[in-house]
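Asks: Next input, structure requested:
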Amino acid sequence: MIRFLLRFLGLMLLALAFIFVIYDGMKSIADRTFYATALSQFWIEVHGSSLQAAQAAVERLSGTLWSLAIGPLLEQPAAAIFAALGALLIVLGRKKKPLIGYARD
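Replies: Numbering: from 1, shown residues only. Predicted coordinates:
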């Protein structure tokens, strides 16, 4: 059941990454310049106050964690982040290869 859930969430994240590729591509073609939606921009458009609350909570925990790890991650293209997370979840949820010639207990 957990494997199915991991694969399902991975496929949903890959689909979301594909949507961002199409969205950014159409926007780039229309304006004749390159656009890549940052993850922080997407988060602000979906629910901006939760980004500010998350930043405040992480900075309270460790001030350098936000500026060195999370901040640069949020400035990456959303399509790349969602594709990487989706691929990771699919790999984690894959079925084990059957052992040939061995009995599995």
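
Asks: Residue 28 contacts residue 34, correct?
Replies: Yes - counting by C-beta atoms under 8 Å, a contact exists between residue 28 and residue 34, whose distance comes to 5.3 Å. In short, each C-beta sits where N, CA and C put it, glycine included.

Asks: Pull out the buried residues from stretch 6-17.
Replies: 6, 7, 9, 10, 13, 14, 16, 17 (16 or more other C-beta atoms under 10 Å).

Asks: ditto for stretch 37-45
Replies: Within stretch 37-45, the residues scored as buried using 16+ other C-beta under 10 Å are 37, 39, 40, 42.

Asks: same question, stretch 44-61
Replies: By neighbour count on 16+ other C-beta under 10 Å, the buried set for stretch 44-61 is 51, 58.

Asks: mind giving me the domain ranges of this structure?
Replies: The record assigns the chain these domain ranges, following automatic domain parsing: 1-36+78-94, 38-76.

Asks: would you list these in a markdown table and tack on distance to residue 101?
Replies: Rendered in a markdown table, the data for these read as follows (distance: least, C-beta to C-beta, whole Å):
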| stretch | distance to residue 101 |
| --- | --- |
| domain 1-36+78-94 | 21 |
| domain 38-76 | 44 |
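
Asks: On the C-terminal side of the least confident helix or strand in the chain by mean pLDDT, identify the next helix or strand.
Replies: Across the helices and strands of the chain, the lowest-confidence element by mean pLDDT, DSSP states H and E is helix 63-65, at a mean of 86. Per DSSP states H and E, the first helix or strand lying C-terminal to helix 63-65 is helix 71-74.

Asks: and that following helix, how far out from the chain's middle?
Replies: In terms of C-alpha atoms, centre = their mean, to the nearest Å, the centre of helix 71-74 is set 12 Å apart from its chain centre.

Asks: May I ask which two of the buried residues of stretch 37-45 are separated the most?
Replies: Longest distance between any two of the buried residues of stretch 37-45 is 9.5 Å, between 37 and 40; criterion C-beta to C-beta.

Asks: in which helix or strand would I find residue 94?
Replies: Under the assignment given by DSSP H and E, residue 94 is not contained in any helix or strand.

Asks: Count the residues that sit near it.
Replies: Taking other C-beta atoms under 10 Å as the neighbour definition, residue 94 ends up with a count of 12.
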